[in-house]
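take a look and give me a structure for this.
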Amino acid sequence: MAIEDIKDVENGDPYGLEDLEVPLIGGKEVDDSEADSPEEGGSIGMVLLSTAVAVCGSFEFGSCVGYSAPTQSAIRADLHLSLAEYSTFGSILTIGAMIGAVTSGRISDFVGRKRAMRLSALFCIAGWLTVYFSKGAFSLDVGRFLTGYGIGIFSYVVPVFIAEIAPKNLRGGLTTLNQLMIVCGSSVSYLAGTIITWRFLALTGLLPCIVLFLGLFFIPESPRWLAKVGLDREFEAALRKLRGRDADISREAAEIRAYNVTLLSLPKASLMDLVDSKYIRCVIIGVGLMVFQQFGGINGIGFYASQTFTDAGLPSPAIGTIAYAIIQVPITVVGAMLMDKSGRRPLLMVSATGTFLGCLISATSFFLKGQSLLLEWVPALAVSGVLIYISFFSIGMGAVPWVIMSEIFPIHVKGVAGSLVVLVNWLGAWAVSFTFNFLLSWSSTGTFLLYSGFCALTVLFVAKVVPETKGKTLEEIQASMNTHK
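From the prediction side, this is the model:
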């Protein structure tokens, strides 16, 4: 079924890509002390369990992204692949993810967040099994494409699901777990790939999918989605299950219902309506953050970190790669803890400043090498620059854009707008990972200076355009976004 043929579950109208609705919410201010926070007698146990299940999809995301780095030589030797064939295998993941990104919002809006995650898991399972049984390049590419499609859906639906079930005082930290588990999955693939064969590494990718698929039977659907599609009894049951049997959910339920009534009263709008001054701000923020996240160079630097260390003259590139894999996890944990304390904007600006510094140090190392100056310092500077870069990226730029993306779009436009934002992210990932080696062959110094320029522009963009969303309900955030001129 084509996406354009899917019917809007709210009103039966065609739900095509052109049918974006106007994000114009006339919400009222809500007291932070009362709204969307755990009530007397409430519990967050089910919220934590639901989040734990959902982020298995994030771990799967990281496993897929990290798979190609440690397996290149073994796969090429076993299946007699040329460099071009292996490059196709590596890059086709992003093509599948782009398609998954385009369909992710519509699928999750049509069938629900839980069914969308189940579908993603099935695609990833099929992909990993295809890779495991591969005898040549074609089947290898098919498997990689299927896993790419699965993680393209995961990349949207997981942070959205978490944002929709979490109380506002926990939303930022819990949504950051999405990025943390991506990092963990990638790091595990990097490390495991050095000690097990590429076929068994593919089988390890099945584990998070199986845990996710089974875990979804024990957690509720997103209450906001249930309210949106008119399943009122299921909506109250899901909200009560999330907030605790003894919690008073009346106020939060009333706010969500009122919000959805407002949405249903709004007329349909065309895609061109999004460029109207009343609506364009949230689109600029969502798309802009993803552009700056990717064009700061993360996928080029991450995918080819080992090659960068080799070019810099590091005697054992594996040491640098392992350090790269390990350092992401604790730094991302720090970012998660700071998310709801320091706020989104400060984390983004500190993070972008640090990535700028890391790129500048790496550029300096390659400049010194090119000028045959201080050659004994070049490897240390290159490794330091890359590790500084990934540390600061992990503390903010890795997770915060996804958190903000899940917060700023009203639920009626979240599907199509979220798909657009995720598509932009994957297009940027493909562009950076595809061009990185070409840029390095042109000028290693110039490559890192280019990325440092984008990092500097990120600081300016956040300072001038991105709002602070800490401590606000989703309804408050979206109301303030849509009334901003």
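
where does the closest residue to residue 447 other than its chain neighbours land on pLDDT?
Leaving aside its sequence neighbours, residue 447 sits nearest to residue 439 (CB to CB, 6 or more residues apart in numbering; 4.2 Å). For every residue, glycine as well, the C-beta is placed using N, CA and C. As predicted, residue 439 sits at a pLDDT of 84.

how near is the nearest residue in space to residue 305 that is not next to it in sequence to residue 382?
Nearest residue to residue 305, sequence neighbours excluded (CB to CB, 6+ apart): residue 324, at 5.0 Å. Separation of residue 324 from residue 382 (CB to CB, to the nearest Å) stands at 12 Å.

neighbour count: these two, which is higher?
residue 382 (28 against 24; other CB atoms under 10 Å).

OK, contacts around the more buried one?
For residue 382, the contact set (CB atoms under 8 Å, 6 or more residues apart in numbering) comprises 308-309, 311-314, 362, 365-366.

with secondary structure added, can I get the residues you listed in TSV?
Listed next are these as TSV, based on DSSP: H, G, I helix; E, B strand; the rest coil:
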residue	secondary structure
308	helix
309	helix
311	helix
312	coil
313	coil
314	coil
362	helix
365	helix
366	helix
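
can you redo those as TSV with pLDDT?
Converted to TSV, the contacts of residue 382 look like this (pLDDT from 0 to 100):
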residue	pLDDT
308	75
309	75
311	75
312	74
313	76
314	73
362	90
365	89
366	87
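
in this protein, which helix is the longest?
Assignment by DSSP state H gives helix 45-79 as the longest helix of the chain.

could you give me the buried positions within it?
46-47, 50-72, 75-76, 79 (16 or more other CB atoms under 10 Å).

which element follows that helix toward the C-terminus?
helix 83-111 (DSSP states H and E).

roughly how far out does that following helix sit from the chain middle?
The chain centre lies 13 Å from the centre of helix 83-111; the measure is CA atoms, centre = their mean, to the nearest Å.

so which bits of stretch 455-467 are buried?
455-459, 461-462, 466-467.

okay, how far is it across stretch 132-141, tip to tip?
This stretch, stretch 132-141, spans 12 Å end to end (CA to CA, to the nearest Å).

how about residues contacting that stretch?
The contact list for stretch 132-141 (CB under 8 Å, 6+ apart) reads 75, 79, 81, 85, 88-89, 92, 130-131, 143, 199, 202-203.

which of those are buried?
Using 16+ other CB under 10 Å as the burial test, the contacts of stretch 132-141 include 75, 79, 81, 85, 88-89, 92, 130-131, 143, 202 as buried.

got those as CSV, with distance to residue 252 columns?
CSV is the format used below for these (distance: CB to CB, whole Å):
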residue, distance to residue 252
75, 50
79, 54
81, 54
85, 54
88, 49
89, 47
92, 44
130, 44
131, 44
143, 43
202, 43
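
from those residues, which is closest to residue 292?
Taking CB to CB as the measure, residue 292 lies nearest residue 92 of those, at 25.5 Å.

that older thread, quick one: least confident of the buried residues of stretch 455-467?
When those are compared by pLDDT, residue 467 scores lowest at 82.

give me the three-state assignment for that one.
Under three-state DSSP, the three-state class of residue 467 is coil.

tell me the contacts of the nearest residue in space to residue 358 that is not next to it in sequence?
Nearest non-adjacent residue to residue 358, counting by CB to CB, 6+ apart: residue 389, 3.0 Å away. By CB under 8 Å, 6+ apart, the contact set of residue 389 is 297, 301, 354-355, 358-359, 362.

repeat for residue 322
Here residue 322 is in contact with 190-191 (CB under 8 Å, 6+ apart).

element containing it, please.
Residue 322 belongs to helix 317-342, assigned by DSSP H and E.

tell me the angle that helix makes with helix 45-79.
If you take axes from the mean of the first three to the mean of the last three CA atoms, to 10 degrees, helix 317-342 sits at 160 degrees to helix 45-79.

check which residues of helix 317-342 are buried.
317, 320-322, 324-325, 327-329, 331-333, 335-336, 338-340.

give me the distance from that helix to the chain's centre.
Relative to the chain's own centre, helix 317-342 is displaced by 16 Å; criterion: CA atoms, centre = their mean.

I'd like the mean pLDDT over that helix, please.
For helix 317-342, the mean per-residue pLDDT is 76.

for the most centrally placed residue in the chain, which residues are in contact?
Centroid check for the chain by CA atoms, centre = their mean gives residue 155 as the closest residue, at 4.7 Å. Residue 155 sits next to 61, 97, 100-101, 104, 422, 425-426 when contact means CB under 8 Å, 6+ apart.

that one sits in which helix or strand?
Using DSSP H and E, residue 155 sits within helix 137-165.

and the next helix or strand past that helix?
From helix 137-165, the next helix or strand downstream (DSSP H and E) is helix 168-192.

what sits up against whatever helix or strand comes next after that next one?
For helix 168-192, the following helix or strand on the C-terminal side (DSSP H and E) is helix 198-204. Here helix 198-204 makes contact (CB under 8 Å, 6+ apart) with 63, 67, 70-71, 74-75, 78, 128-129, 131-132, 143, 188-189, 192-193, 196.

so, low pLDDT: which residues of this structure?
1-43, 172, 263, 266-279, 306-307, 316-318, 340, 410-415, 474-475, 482-485 (pLDDT under 70).
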